[in-house]
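*Asks:* Using only what follows, build the 3D model:
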Amino acid sequence: MIGAGLLLPDTIGCSSDDKPPTPPTPAPSRELSNPAKVRSKDGLLDIEITITEVEVTIGQYTFMTRAYTGLKVNAGNANFEGTYTGTIPGPSIELAPGDRLKLKLINGLPDDGSAVDPGDCGMGTTGGHGGHGPGMQNNTTNFHTHGLHVDPGPPGDDVFLEIGPGESYDFVIDIPKGSVMPDGTMADHPAGTYWYHPHFHGATAIQVAGGMAGAIIIRDEWQDDLDKMFSPEPEAGQGKEQLLVVGELMLQTKDACTGKTRLATYKEMGAAGPLPAGVVDFFHVNGQINPILRMRPSEVQRLRVLHTGFRAPLDIAFLRVPDDQLDAATSLPKPGYDPFGYSCASNGGPPVLDRDGVRAKSVPYYQVATDGITYAAPLKMPMADAVSDVEFVVPPGGRVDLLTQFEAGTYQMVALGYLDFVCWAPQVLATVIVSGEPDKSLEIPQALTPPALYPSFDDMAKPGNQVDNNRQLEFTVSVDDQGTNHFTIDGRTFCETRIDQCMALGAVEEWTIVNKWDMVGRESIHPFHIHVNSFLLTSINGKKPAQPIWRDTVLIPTSGMEGVDGSLVFLSRFLHYEGKYVLHCHILEHEDEGMMQLLEVKKDALCEPSMPDTCPMP
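*Replies:* Purely as a prediction, here's the structure:
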């Protein structure tokens, strides 16, 4: 089971409004819109992206945030003309194996001590990283390509860069093609669904939670089965592909000190119990609340679902709206229709929604990839034989590719809420209207070709499968005598001068990740993420997963029993790239508070010596 979670046991007293905040208006207001898209040409995409402070409107809310608001294409193709005017999410970047991405990131934000983030207003600060209030380098940034198997050193996916306000940096990222595998075969970078976001330690959550995120799509129409079958602009014999960038916003709907809607502070993000007065937390899709997707009966569509949220996991189902609950003129649900019959306020606390019961009502759909890595065969969803919710819940940072095929009618793509001490209410993500003449040109495929970069471990005697090393990491949330929270891995918070894990280039390792029970902090959820190399999950709380699925982000389960640790085990190969990068919890305020480790991959594991004297204990 996933279990209940503790994030930060702080409360806010800035607002006197005791009424629960009004959620976003659920009725779809428009068709699904797509982010602007740029794609490489002749092996090169050369672009400039500018970050600025900007006012945006999502649903009924208008607020200030940081966003990728400028885009210039020096080499490559774009699906728009004139000046780029996007905000949330950022433009989608499309590449192919063998391509080079040249990206100038221009930080047009004001200085670190001003704008976007509200003043303290008596709320205080929290945590081990200095509180994350104004003046905490919230406008210093960088650029991370989440899930890509690329060089972690400069000028590539270097998350240790600091690009301050008024500064810029020229990234060069090569998408590998023809990489040599341990058995002597060659492998290209997998075609799949990835994303980009800032990764400046201490300000990651405040920037990503504000909407700084965008899709990276690796396409390979020559070799990848799914790319052959589906396209955003399908030709004869192809199905339609739709991109759903799911973001998560936590907003203070009426700041008690200014009266304005604003992004939540770090302290509000980490509040225990009910969310602080006036704070709402909700998902949006491509910057819209509950957009409309169109399909035809029997049509097979591919949905690329990216979870770019900073905190709450996604548990997806597709629920059919009864015909007598539809407006005949629009095919939309009638006003007031509620697929859940549940509200946090009426239940007075943590969710008691029967998620298994609601999930059982879902119409079938198929999952064909996780974190950009295609399966050998489609997986019918909702899963009937999972040993844990960990197998199908999409964690923050995770991605899934889905194939849908529905009968005529109206369906709601829903997030079923999340069992937590905060009330994560279920929410309608999008409304799917299936109408028109049937389209039977495609069927759900029976078999697919997994990427060569991630071969199975079925034959442990095969070169590249023998385990060279085992290691164990412990994720812990503890509370000291002063009530201060500590988010640690192996009892320590992150330090950039201390190498926590040293691996040999080419090594195959088995890792055990432990979610520690703490008598005061009790239990929590931590989405484990590691850069550069994905991993194959082999055990969840001692049980073999129902399906062998490769990932780069996964929820570390709790045990479901008081006083007992949760755990998972995975196998991974550390191939092709030497250098330093990180692993961390992808609940991003946990990462910013120190739940991250520095690792280094070097030939023969000859890593640089650490300097522990610069790394105080938490």
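
*Asks:* which secondary structure element contains the closest residue to residue 493 other than its chain neighbours?
*Replies:* Closest residue to residue 493 in three dimensions, ignoring its sequence neighbours and counting by CB to CB, 6 or more residues apart in numbering: residue 594, at 2.8 Å. Every C-beta, even on glycine, is put in place using the N, C-alpha and C of the backbone. Assessed by DSSP states H and E, residue 594 sits outside every helix and strand.

*Asks:* how close does residue 594 get to residue 414?
*Replies:* Distance of residue 594 to residue 414, computed by CB to CB, to the nearest Å: 34 Å.

*Asks:* got it, and residue 55?
*Replies:* Shown here: residue 55 relative to residue 414, a distance of 30 Å by CB to CB.

*Asks:* Just want to know which of the two has more residues nearby.
*Replies:* When residue 55 and residue 414 are compared on other CB atoms under 10 Å, the one with more neighbours turns out to be residue 414, at 22 against 10.

*Asks:* wait, the more buried one sits on residue 314?
*Replies:* No - counting by CB atoms under 8 Å, residue 414 stays clear of residue 314, with 10.0 Å between them.

*Asks:* surely the residue nearest to residue 493 meets residue 487?
*Replies:* Yes - Residue 594 is in contact with residue 487 according to CB under 8 Å; the separation is 5.3 Å.

*Asks:* the more surrounded of the two?
*Replies:* A side-by-side neighbour count of residue 594 and residue 487, using other CB under 10 Å, places residue 487 first with 30 against 23.

*Asks:* Shouldn't the more buried one be within a strand?
*Replies:* Yes - the secondary structure assignment for residue 487 places it in a strand, going by DSSP: H, G, I helix; E, B strand; the rest coil.

*Asks:* can you pull up the bridge partners for it?
*Replies:* In this entry, residue 487 is beta-bridged to residue 477, by DSSP bridges.

*Asks:* Would you check how far apart it and residue 409 are?
*Replies:* Taking CB to CB as the criterion, residue 487 is separated from residue 409 by 45 Å.

*Asks:* do the same with residue 173
*Replies:* Note on residue 173: its distance to residue 409, by CB to CB, is 43 Å.

*Asks:* which one of the two has more residues nearby?
*Replies:* The neighbour count for residue 173 versus residue 409, taken as other CB under 10 Å, is higher for residue 173 (22 against 17).

*Asks:* what about that one, which SS state?
*Replies:* strand.

*Asks:* Do I have it right that it meets residue 158?
*Replies:* No - counting by CB under 8 Å, no contact exists between residue 173 and residue 158, whose distance comes to 10.0 Å.

*Asks:* if I look at residue 275, how far off is residue 281?
*Replies:* 6 Å.

*Asks:* center of the chain, which residue is that?
*Replies:* With the centre of the chain defined as its mean C-alpha position, the nearest residue by CA atoms, centre = their mean is residue 397, 1.8 Å away.

*Asks:* ok, that one - contacts?
*Replies:* 146, 307, 308, 527, 529, 552, 553, 586 (CB atoms under 8 Å, 6 or more residues apart in numbering).

*Asks:* Check residue 361 too.
*Replies:* Neighbouring residues of residue 361 by CB under 8 Å, 6+ apart: 317, 319.

*Asks:* Would you verify that residue 145 is located in a strand?
*Replies:* Yes - inclusion of residue 145 in a strand is indicated when three-state DSSP is applied.

*Asks:* Setting aside sequence neighbours, what's the nearest residue to it?
*Replies:* The shortest distance from residue 145 to any non-neighbouring residue, by CB to CB, 6+ apart, is to residue 157 (5.0 Å).

*Asks:* hang on, the one you found packs against residue 148?
*Replies:* Yes - in this structure, residue 157 is within contact of residue 148 by CB under 8 Å, at 6.7 Å.

*Asks:* list residues touching both of these two?
*Replies:* Overlap of the contact sets of residue 157 and residue 148 (by CB under 8 Å, 6+ apart) consists of residue 173.

*Asks:* Report pLDDT for the spatially closest residue to residue 548 that is not a sequence neighbour.
*Replies:* Distances taken as CB to CB, 6+ apart place residue 536 nearest to residue 548, at 6.4 Å, with adjacent residues excluded. Among the per-residue scores, residue 536 holds a pLDDT of 97.

*Asks:* again, but for residue 130
*Replies:* pLDDT recorded at residue 130 is 35.

*Asks:* same thing with residue 616?
*Replies:* Per-residue pLDDT puts residue 616 at 64.

*Asks:* Could you export stretch 282-301 as CSV, keeping only the C-alpha atoms?
*Replies:* What follows is stretch 282-301 as a C-alpha-only set of coordinates in CSV (Å, rounded to 0.1, in the frame of the first residue of the first chain):
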residue,chain,number,x,y,z
PHE,A,282,-5.5,21.2,-7.9
PHE,A,283,-4.3,19.7,-11.1
HIS,A,284,-4.5,21.4,-14.5
VAL,A,285,-3.9,20.0,-18.0
ASN,A,286,-1.9,22.0,-20.5
GLY,A,287,-2.8,25.1,-18.4
GLN,A,288,-6.5,24.4,-18.5
ILE,A,289,-9.1,23.2,-16.0
ASN,A,290,-10.9,20.1,-17.2
PRO,A,291,-10.5,20.6,-21.0
ILE,A,292,-12.4,18.6,-23.6
LEU,A,293,-10.8,15.8,-25.6
ARG,A,294,-12.6,14.5,-28.7
MET,A,295,-12.6,10.9,-30.0
ARG,A,296,-14.6,8.8,-32.3
PRO,A,297,-16.2,5.5,-31.3
SER,A,298,-13.7,2.6,-31.5
GLU,A,299,-10.9,5.0,-32.4
VAL,A,300,-7.6,4.2,-30.8
GLN,A,301,-5.7,7.3,-29.5
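
*Asks:* Tell me which stretches of the stretch 151-300 of the chain form helices.
*Replies:* Applying DSSP state H, counting those that start in this stretch to the stretch 151-300 of the chain gives helices spanning 204-208, 225-229, 266-269.

*Asks:* Buried residues, the shortest one. List them.
*Replies:* Along helix 266-269, the positions that meet the burial threshold by neighbour count (16 or more other CB atoms under 10 Å) are 266, 267, 268, 269.

*Asks:* And the first one, how close does it get to residue 589?
*Replies:* By that I understand residue 266. In this structure, residue 266 lies at 6 Å from residue 589, with CB to CB as the measure.
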